[in-house]
Structure formats: structure tokens, C-alpha cells
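In: next input, structure requested:
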Amino acid sequence: MADANSILDVLHELIETCRDGETGYAHAASIVSDPELKSYFTEQSQERHLLIGELQQLAQRGGEPRPDASGSVAGTLHRAWFEAKVDIGLGDQSVLNSVESGEDAAKRAYQKALASTLPEPVRAVIQRQAESVFRAHDHVRDLRDRGKAA
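Out: You can find the predicted model right below:
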């Protein structure tokens, strides 16, 4: 069984990952021109917001009174990079490429979390969230690949 600190470390890493996703998706929705992408990105931003709330509740139950909900520096730099690509005219396909890259990072974070030793109630929440993140990853990858074929 993992100790409380290692469980909190896993939760904090996932909170940061989800915050990056929430902010990244909201940012992507604000700069794409395709209304379907805009809608999907907005929906995913809201989904990540809900995941953060669940993770924060788990952290609070684990003894963290106010779990940090900030994102990472890498996430901020990633968003700036995909905005720069749009600014130079690379368009929605470029945003999809960048969002898919961000989803790769989220998928890795959830895989890492699931590989750690966690109590069953925490593992169950993370497993359910991972399935949502993996579906989003695959959907964005498919959208990106269809864009390349077009």
C-alpha cells in the first residue's frame, strides 16, 4: 500500500495535467475557426474541469486541505507555441497537432498514475478518468489524421 504522501503526489500530478488540459482546450477553442472543433474543445475543457474537482476531493480526503490546481510551466509554453503557429498562418490543423501532443502527455500521466500503488477507491476514480482522457486522446488523434488526409 502506498503512503499518503505518494498518493497525494500522484493526485497533484494529475491535477496539474488536467489543469493544463482544461486551459489548453479552452485556449484551442478560442483560436480555431472550425465550429465543430470549437465545440469539441470547449466540451473537453469542461470535462477536464470536472476531473480536477474529483481529484481535488480525493486529495482533500487524503489530508490535503487545499490542493493546488495550477497547471505546469510546460503547459503554458505549449499553448504559447501552438498560438504562435496559428499566428503565422498554420491554422486549425496546427492546433489539432498541438492538442494531440498535449493529449499524449495526459495519456502518459494517467498511465504512470495507474502503474503506481493506490488504494482501490482512488484507483477506481483514476481508472474512470483515464478512460475519458484516453478516449479524448484517440478522438483528437483521429481528427488530426483526417485533417492530414484532407
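In: which parts of whichever helix or strand Q60 is part of are buried?
Out: Taking DSSP states H and E as the definition, one finds Q60 inside helix 35-61. By 16 or more other Cβ atoms under 10 Å, the buried positions in helix 35-61 come out as 37-38, 40-41, 44-45, 47-49, 51-52, 54-56, 58-59. Every C-beta, even on glycine, is put in place using the N, C-alpha and C of the backbone.
In: assign R66 to helix, strand or coil.
Out: What DSSP: H, G, I helix; E, B strand; the rest coil gives for R66 is coil.
In: go ahead and flag the most central residue of this protein.
Out: With distances taken as Cα atoms, centre = their mean, G21 lies nearest the centre of the chain, 3.2 Å away.
In: nearest residue to it other than its sequence neighbours?
Out: What sits nearest to G21 in space, not counting adjacent residues and going by Cβ to Cβ, 6 or more residues apart in numbering, is R48, at 4.2 Å.
In: list the contacts for that neighbour?
Out: C18, R19, G21, E22, Y25 (Cβ atoms under 8 Å, 6 or more residues apart in numbering).
In: compute the inter-axis angle for the lengthiest helix in the chain and helix 35-61.
Out: Longest helix of the chain, by residue count under DSSP state H: helix 120-149. Taking axes from the mean of the first three to the mean of the last three Cα atoms, to 10 degrees, one finds helix 120-149 and helix 35-61 inclined to each other by 160 degrees.
In: which elements pack onto helix 120-149?
Out: Secondary-structure packing of helix 120-149 (3 or more Cβ pairs under 8 Å, 6 or more residues apart in numbering; DSSP states H and E): helix 4-31, helix 35-61, helix 91-115.
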